[in-house]
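Student: any chance you can model this:
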Amino acid sequence: MRAAGDGTSGPRRSVDAAPEDLRIELLRIEHDLNEGRYRPGPWERFIRELRRQPARVRSALADEVSRVSRKVHLRSPRKTISACAGVATEIFALALGAGLLAFAVHQGSSVVGLAGAFLWIMSLQPLAKITMAAVFGVGYEYAYLLRGEPRFKMRFGSYVARPRWQRVVLHLSGTIGSPIGAWAAARIISARMPGTARIVMAVFWLVVAINIAAFVAGLSGIRRFGSIRTSEGSGGAAGLEIREAFARSREATR
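Tutor: The predicted model follows:
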């Protein structure tokens, strides 16, 4: 699909199904992005309003929302690779971690055991979330690094189009991969290297605590910790979705 301003109007289903004011605001945001004049704020307000719309409206605008979301995300230069390449990299890291853990158990090497556990902790988080996204029909566009951590950019329109309960479950699935990786690695090496296993379990509890803290922050409406947005983490994003659902429920009962 071409970007706004190229003389095309997009699929007819979007024109018919989406409220005109929403479409106009989305095109305005895209125009400002194309011209380099965009400033933070309008996109966030647009998404909050879009989440309030019926499923047919969110679905009708899915392609356009994904296109503009990609432009918003790429305002800051990022080195990206395709989503398929990113998934392949994570699977390779998972397999390498398994090999390192097996070697560590055989040789009694704590350093190698910690390296294998680290790879499982890092790789299982995105793989668990991407698997759940595939179940719900949410796509990914590319992979990139954020503060040294591999991330995957959702095809945002397909995400917003899903029912809220699916969006919550999707984010919660992103909180279980790393703890599972730590727990499984600790179990594998515990008999041969109990001290190393205790270190890995300490990481397990640290990750769990961070996820719970982010989830509570989202439920409380805290949107930032310094320069870090609460929505950047799966736990925080799940909390924000649930808070928004409660807010809408209260509005509906007034």
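Student: quick one: low-confidence ranges for this structure?
Tutor: Judged by pLDDT under 70, the chain has its weakly predicted residues at 1-18, 251-254.
Student: try it again with 90
Tutor: Along the chain, the parts satisfying pLDDT under 90 run over 1-23, 36-41, 44, 48-49, 51-53, 75-79, 145-151, 221-233, 244-254.
Student: where do the strands sit along the stretch 51-200 of the chain?
Tutor: All strands of the stretch 51-200 of the chain, identified by DSSP state E, counting those that start in this stretch, fall at 80-82, 140-146, 149-154.
Student: out of those strands, which gets nearest to residue 229?
Tutor: With C-beta to C-beta as the criterion, residue 229 lies closest to strand 140-146 of the strands of the stretch 51-200 of the chain, at 10.7 Å. In this view, the C-beta of every residue, glycine as well, is placed from N, C-alpha and C.
Student: save the strands of the stretch 51-200 of the chain as JSON lines, and put in mean neighbour count and distance to residue 95 too.
Tutor: Supplementary listing: the strands of the stretch 51-200 of the chain in JSON lines, determined by neighbours: other C-beta atoms under 10 Å; distance: least, C-beta to C-beta, whole Å:
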{"stretch": "strand 80-82", "mean neighbour count": "14", "distance to residue 95": "18"}
{"stretch": "strand 140-146", "mean neighbour count": "18", "distance to residue 95": "18"}
{"stretch": "strand 149-154", "mean neighbour count": "18", "distance to residue 95": "16"}
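Student: could you dump those to TSV with distance to residue 73?
Tutor: Below are those laid out as TSV (distance: least, C-beta to C-beta, whole Å):
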stretch	distance to residue 73
strand 80-82	10
strand 140-146	9
strand 149-154	6
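Student: closest to residue 66 out of these?
Tutor: Of all those, strand 140-146 comes closest under C-beta to C-beta, at 7.5 Å.
Student: how far does the closest one sit from the chain's center?
Tutor: Offset of strand 140-146 from its chain centre (C-alpha atoms, centre = their mean, to the nearest Å): 10 Å.
Student: by contact count, what packs against that strand?
Tutor: With contacts taken as 3 or more C-beta pairs under 8 Å, 6 or more residues apart in numbering; DSSP states H and E, strand 140-146 sits against strand 80-82, helix 83-107, strand 149-154.
Student: pick the most buried one from the ones you listed.
Tutor: strand 149-154 (a mean of 18; mean count of other C-beta atoms under 10 Å).
Student: before we move on, the earlier item: got the helices and strands packed on strand 140-146 as CSV, with distance to residue 194 columns?
Tutor: Converted to CSV, the helices and strands packed on strand 140-146 look like this (distance: least, C-beta to C-beta, whole Å):
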stretch, distance to residue 194
strand 80-82, 39
helix 83-107, 12
strand 149-154, 29
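Student: relative to residue 118, which of these is closest?
Tutor: Among the helices and strands packed on strand 140-146, if distance is taken as C-beta to C-beta, the winner is helix 83-107, at 7.6 Å.
Student: now do the helices in the stretch 151-254 of the chain.
Tutor: 156-160, 164-173, 177-189, 194-220, 234-253 (DSSP state H, counting those that start in this stretch).
Student: and the closest residue to residue 133 other than its chain neighbours, how many neighbours does it have?
Tutor: Spatial nearest neighbour of residue 133, excluding adjacent residues (C-beta to C-beta, 6 or more residues apart in numbering): residue 170 at 5.9 Å. Burial measure for residue 170: 23 neighbouring residues, criterion other C-beta atoms under 10 Å.
Student: all set now, cheers.
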